[in-house]
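S.K.: Need coordinates for the below:
(4 chains)
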Protein chains: 2
Amino acid sequence: MSTPESPRPRRRDRAATRAALLAAARLRFARDGYDATGVRDIAADVGVDPALVFRYFGSKQRLFAEVTAGAGAEVAAGATAGVGTGAAAGAGAGAEEAGDDGGAADLPLWLLRSAVAADWSDYAGEHPFVALLRSSGHEDARTQLQQQICDSYVRQLAAVSPGPDRELRAELLSAWLLGIGVARSVIRTPRLAEADFAELAPYFAEIAAMLLNRPAAAADNTSNTPAAAD
Amino acid sequence: MSTPESPRPRRRDRAATRAALLAAARLRFARDGYDATGVRDIAADVGVDPALVFRYFGSKQRLFAEVTAGAGAEVAAGATAGVGTGAAAGAGAGAEEAGDDGGAADLPLWLLRSAVAADWSDYAGEHPFVALLRSSGHEDARTQLQQQICDSYVRQLAAVSPGPDRELRAELLSAWLLGIGVARSVIRTPRLAEADFAELAPYFAEIAAMLLNRPAAAADNTSNTPAAAD
DNA sequence: CAGGAAAGTCATCGACTGATGACTCTGCTG
DNA sequence: CAGCAGAGTCATCAGTCGATGACTTTCCTG
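M.R.: The predicted structure follows:
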């Protein structure tokens, strides 16, 4: 339904057909998840016979692996090169001229924008990580997800964070980014689902700075922290 | 594998068999998701014929609906009655004597403990929300998830938060809780997956207090301001 | 134009899914 | 003991899934 089929019988082109199948699979997997996506659906989107999927990719699993590898590469490329350049980010929000003072301090905001405002129309409108989460029942998806999140989010956030426990704090912030994506597009929490980048940025920037820059927060508020644990 | 089958042919008891099927389904759905769970699997766990599932629940969908309704009720009951009483929370961490100072200020920490330290062994060891997320491909699951999260998390967090935008801030905190659960059990981020409640509580308490108590943070820092904290 | 490599199609397989209805067996009651 | 209501089982259906291999059609090349 997404790809309008042309009346012409589609000129034979191995590379183009393969790419079209890959794009259709990317969209389907992102929107419906691995299990709910059938090989016949993907082929129907492109307008070819389902057998071509196996001809070009070997199996549904391998097609999925190729899709997720591409998604991971795309996110990783953006995360490493995006900060400071501001490339490939402008979608809905208007605030694009982020101060290019240092770059490192902008990383959390750049990740937030990538999560809520970037153009992920190739992935059913969601950040690839959230889309990949739909297929988390499969080992391949989880492995890719863990590796890509650690590489793209945690490692870089930890790199701009001083003090001990900086990995834990980086993972906490990564978890927040992920949770925001899930809440917006999967659960559709009313207020958050319609918020744009400009509305979330102040809160996120303040807390990200606090979390990343402060090694060990105030440990005195033991109102109900387990004091006798250790 | 989870339910040890007794060698005796299982005395006939409609209520007990129904309850056993429900428990087995809860575990399977939580661990593997709706699609990956077969009616035959559930019946095999209990040791009865798959046809009994349809006899007692009508369809797989209705069985799933009953499971999720129970999960939602369990979470909601804990969220409404748990703060101040500290009931049904002690699992891994030993501290149960929550400071009964006010109750409202403890809500975020209570939710965190419920997410990372409560005994959810009936749900494959994960918070029901995270478990339910595995079946998010189905409308029923998403509806339940949205309703329960709004009722159990957002509404109560917004109730203890002053000022404008308190719903958005409550949803942001709810998203963080959700993201922490996903990162810990689905993605298995290394540092966060092994952290316990005591390790996370200081960070979470500080940021939750900041997010909930401050109506609108500094709105000028769209780029980066770690300075205008307090 | 002739031929062949390759792009694409067709029919079909075997396994598995949720679901149905007729059946058997158990255990309580009179 | 007889009988009956109902708990549990069996065989089976219709549909879908991923996957395979033989087939047909296209298009480039000589």
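S.K.: Is stretch A:179-199 positioned near chain B?
M.R.: Yes: under the criterion of C-beta under 8 Å from any C-beta of the partner chain, chain B is reached by stretch A:179-199 at A:179-180, A:182-184, A:186-192, A:195, A:198-199. C-beta: built from backbone N, CA, C; applies to glycine.
S.K.: Kindly report the same for stretch A:108-124.
M.R.: Yes: if you take C-beta under 8 Å from any C-beta as the test, stretch A:108-124 does meet chain B, through A:Leu109.
S.K.: Buried residues, that stretch. List them.
M.R.: A:108-118, A:120, A:123-124 (16 or more other C-beta atoms under 10 Å in any protein chain shown).
S.K.: Who are the packing partners of the host helix or strand of A:Gln144?
M.R.: Applying DSSP states H and E as the criterion places A:Gln144 in helix A:139-149. Contact partners of helix A:139-149 among helices and strands, from 3 or more C-beta pairs under 8 Å, 6 or more residues apart in numbering or on different chains; DSSP states H and E: helix A:60-81, helix A:128-133.
S.K.: Indicate which one of these is closest to DNA strand D.
M.R.: helix A:60-81 (3.6 Å; C-beta to the nearest atom of the strand).
S.K.: Name the residues that touch the closest one?
M.R.: A:21-22, A:25-26, A:29, A:34, A:39, A:42, A:53, A:57, A:87-89, A:110-111, A:114, A:118, A:123, A:127-129, A:131-132, A:135, A:138, A:140-141, A:144, A:147-148, A:151-153, A:156 (C-beta atoms under 8 Å, 6 or more residues apart in numbering or on different chains).
S.K.: next structured bit after it?
M.R.: helix A:107-116.
S.K.: If any of the residues of stretch A:179-199 next to chain B are buried, put those into a PyMOL selection.
M.R.: For the buried members of the residues of stretch A:179-199 next to chain B, the matching PyMOL selection, counting by 16+ other C-beta under 10 Å, is:
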select buried, chain A and resi 179+180+182+183+184+186+187+189+191+192+195+199
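S.K.: related to what we said a few turns ago, near DNA strand D too, which of the contacts of helix A:60-81?
M.R.: Restricting the contacts of helix A:60-81 to those within reach of DNA strand D (C-beta under 7 Å from any atom of the strand) leaves A:Val39.
S.K.: Get me the contact residues on chain A for DNA strand C.
M.R.: So chain A meets DNA strand C at A:10, A:12-14, A:17, A:47-49, A:51-52, A:55 (C-beta under 7 Å from any atom of the strand).
S.K.: list the buried ones in stretch A:164-179?
M.R.: If you call a residue buried by 16+ other C-beta under 10 Å, then stretch A:164-179 has these buried ones: A:165-179.
S.K.: Can you tell me which of these comes closest to DNA strand D?
M.R.: For these, the minimum distance to DNA strand D (C-beta to the nearest atom of the strand) is 26.6 Å, reached by A:Leu178.
S.K.: Can you point out the helix or strand that includes that closest one?
M.R.: helix A:166-182.
S.K.: any idea of the mean pLDDT for the helix or strand that comes right after that helix?
M.R.: Once helix A:166-182 ends, the next helix or strand along the chain (criterion: DSSP H and E) is helix A:190-193. Mean per-residue pLDDT for helix A:190-193: 96.
S.K.: go on, stretch A:43-59?
M.R.: The pLDDT scores in stretch A:43-59 average 97.
S.K.: ok so, going back, turn the buried residues of stretch A:108-124 into CSV, columns for pLDDT.
M.R.: CSV is the format used below for those (pLDDT from 0 to 100):
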residue, pLDDT
A:Pro108, 95
A:Leu109, 95
A:Trp110, 94
A:Leu111, 95
A:Leu112, 96
A:Arg113, 94
A:Ser114, 93
A:Ala115, 93
A:Val116, 94
A:Ala117, 92
A:Ala118, 93
A:Trp120, 95
A:Tyr123, 95
A:Ala124, 93
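S.K.: Thank you, goodbye.
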